[in-house]
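*Asks:* Predicted coordinates and the sequence they were generated for:
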Amino acid sequence: MIEGVDFYFNEDGLMVFTEAYHRKRGSCCKNKCKHCPWGYGKKRESVPASVKPKQGDC
């Protein structure tokens, strides 16, 4: 592993894996990593009801 490519240390001194490292790893570990390229644990934006088309509005 190469510091600055595969990981870095945050302001609290914790090692944080980069997106590049996760892609090399090849699969999601399901730990809600900060740079997860698969989006695991990220909040999905929901569309407000006022924006969603009503049935028959096509």
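*Replies:* Happy to help now that I have it.

*Asks:* Can you list the residue ranges for strands in the protein?
*Replies:* Across the chain, reading from the start of the chain, the strands by DSSP state E fall at 7-9, 15-17.

*Asks:* And the last one, how far out from the chain middle?
*Replies:* Read that as strand 15-17. Here the centre of strand 15-17 is set off from its chain's centre by 14 Å, with C-alpha atoms, centre = their mean, to the nearest Å.

*Asks:* go on, stretch 17-34?
*Replies:* Using C-alpha atoms, centre = their mean, the mean C-alpha position of stretch 17-34 is found 9 Å from that of the whole chain.

*Asks:* tell me how far the ends of it are from each other?
*Replies:* Taking C-alpha to C-alpha, to the nearest Å, the span from the opening residue of stretch 17-34 to its closing residue is 8 Å.

*Asks:* which residues touch it?
*Replies:* With contact meaning C-beta atoms under 8 Å, 6 or more residues apart in numbering, stretch 17-34 is reached by 1, 5-8, 16, 35-38, 40-41. C-betas here are computed from N, CA, C, even on glycine.

*Asks:* Among the residues you listed, show me the least confident.
*Replies:* Taken together, the contacts of stretch 17-34 show their lowest pLDDT at Gly41, with 80.

*Asks:* so who does that one touch?
*Replies:* With contacts defined as C-beta under 8 Å, 6+ apart, the neighbours of Gly41 are 30-33.

*Asks:* can you rerun that using 10 Å?
*Replies:* 28, 30-34 (C-beta atoms under 10 Å, 6 or more residues apart in numbering).

*Asks:* Check Tyr40 too.
*Replies:* The neighbourhood of Tyr40, defined by C-beta under 10 Å, 6+ apart, consists of 22, 28-33.

*Asks:* quick one: which of the residues you listed has the most company?
*Replies:* With neighbours defined as other C-beta atoms under 10 Å, the most crowded of the contacts of Tyr40 is His22; it has 20 neighbours.
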